[in-house]
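*Asks:* Structure of the sequence below:
(2 chains)
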Amino acid sequence: MSQDVESKVKAIIVDKLGVDESEVVAEANFTNDLGADSLDTVELIMEFEKEFDLSIPDEDAENIATVGDAVTYLTGKLS
Amino acid sequence: MSLTLEGKTCLVTGGSRGIGKAIAVRLAEFGADVAITYARSADAAEEVKKEIEGMGRKCKSIQADAVDLSRAEEVIAEIVDDWGKIDVIVNNAGITKDNLILRMSEEQWDDVITTNLKSVFNYSKAAAKPMMRNRGGSIINISSVVGISGNAGQSNYSASKAGIIGFTKSYAKELASRNIRANVVAPGYILTDMTGELDEKVLQGIKDETPLGRAGNPEEVADAVTFLSSDMSSYITGEVIRVDGGMAM
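*Replies:* Here you go, the predicted model:
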């Protein structure tokens, strides 16, 4: 399951931010490492919500700063 | 290119009466489907709905208190669910509770700021995500000439309307990269129920201060809103268009 979440999350990030898949590692920070602006991060959260059919409250979204954060959060929500 | 709003879905808050009604009807005349919200005027809202549907356009009449953010999110969600998207938001809902500052109650201040200013935040915020998904949108916030020039006896109303201008420019900057535009229309003295409460002497004074020498009609405000709703204004964002007969120039 976690593997599945991870690959979907990475695919969304590659698509949204136009980055190379090799850059999308767990520690990569959306803003500092992957070049996302503040609206990009909001859009990423919106894409995660759509892909996994769930709602991510703003207070949770604020804590999702890296690829690993997103995978961990979504895996937790889906289990 | 001719001005058309065909295929666009719009929301006008406070759309049952006055300037809001004129805007809702005008947007429909140019081909848009239009939802309106109202606080209390259910019968008047139903009349507007009939008029718009009579033109062969879709219309929703929704009871919603503009000061309630979660209600604003529900209203936008209903439009997106039923009509597929939201292209235009016209934040028009507003009240006056005039008084001299020395006599103004805290309640008069809070009511006007909340109804007029917070409501703009509510609907603009609620529309942002659907507009981002839709790769564009137009927010039009109805301010007032007194938000630019101030007015004795209307410190609460003027502050709310000046606040709308600052909010709109910030919103325009935040969302410009997603092709979401935000502009202000600032009416001057327009003949509505709201200005009907003013006494004869005040009205004559207003006319004297207006270079065009007359009051405006709600339809003349609606025309500016129609332009800003349309793709003819595609390179205009963060602008304040006065519709005031020259009063504040």
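*Asks:* For the rest of this, base every contact and every neighbour count on C-alpha atoms.
*Replies:* OK.
*Asks:* hey, where'd the strands end up in chain B?
*Replies:* B:9-12, B:33-38, B:59-63, B:88-91, B:137-142, B:180-187, B:240-243 (DSSP state E).
*Asks:* Select, out of those, the one closest to A:N32.
*Replies:* In terms of Cα to Cα, the element of those nearest to A:N32 is strand B:180-187, at 25.4 Å.
*Asks:* which other residues reach that closest one?
*Replies:* The contact list for strand B:180-187, computed with Cα atoms under 8 Å, 6 or more residues apart in numbering or on different chains, reads B:131-132, B:135-145, B:147, B:164-165, B:168-169, B:171-172, B:175, B:221, B:224-225, B:228, B:234, B:236-244.
*Asks:* any chance of the strands of chain B in JSON lines, plus mean pLDDT, mean neighbour count and distance to A:L44?
*Replies:* Below are the strands of chain B laid out as JSON lines (pLDDT from 0 to 100; neighbours: other Cα atoms under 10 Å in any protein chain shown; distance: least, Cα to Cα, whole Å):
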{"stretch": "strand B:9-12", "mean pLDDT": "98", "mean neighbour count": "26", "distance to A:L44": "26"}
{"stretch": "strand B:33-38", "mean pLDDT": "98", "mean neighbour count": "26", "distance to A:L44": "30"}
{"stretch": "strand B:59-63", "mean pLDDT": "98", "mean neighbour count": "21", "distance to A:L44": "32"}
{"stretch": "strand B:88-91", "mean pLDDT": "98", "mean neighbour count": "28", "distance to A:L44": "24"}
{"stretch": "strand B:137-142", "mean pLDDT": "98", "mean neighbour count": "28", "distance to A:L44": "19"}
{"stretch": "strand B:180-187", "mean pLDDT": "98", "mean neighbour count": "27", "distance to A:L44": "18"}
{"stretch": "strand B:240-243", "mean pLDDT": "98", "mean neighbour count": "21", "distance to A:L44": "32"}
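*Asks:* For chain B, just list every one of the helices.
*Replies:* B:18-29, B:42-54, B:69-83, B:106-113, B:119-133, B:146-149, B:155-175, B:193-196, B:200-209, B:218-229 (DSSP state H).
*Asks:* Pick the most buried one from these.
*Replies:* When you average the neighbours per residue for each of the helices of chain B (mean count of other Cα atoms under 10 Å in any protein chain shown), helix B:18-29 leads with a mean of 24.
*Asks:* That one versus strand B:137-142: what angle between them?
*Replies:* 150 degrees (axes from the mean of the first three to the mean of the last three Cα atoms, to 10 degrees).
*Asks:* before we move on, the earlier item: ranking the helices of chain B by mean pLDDT, which is last?
*Replies:* When these are compared by mean pLDDT, helix B:193-196 comes last with a mean of 74.
*Asks:* Other residues contacting it?
*Replies:* Contacts of helix B:193-196 (Cα under 8 Å, 6+ apart): B:18, B:96, B:189.
*Asks:* Please identify which of these is nearest to B:E209.
*Replies:* For the contacts of helix B:193-196, the closest approach to B:E209 (Cα to Cα) belongs to B:Y189, at 10.1 Å.
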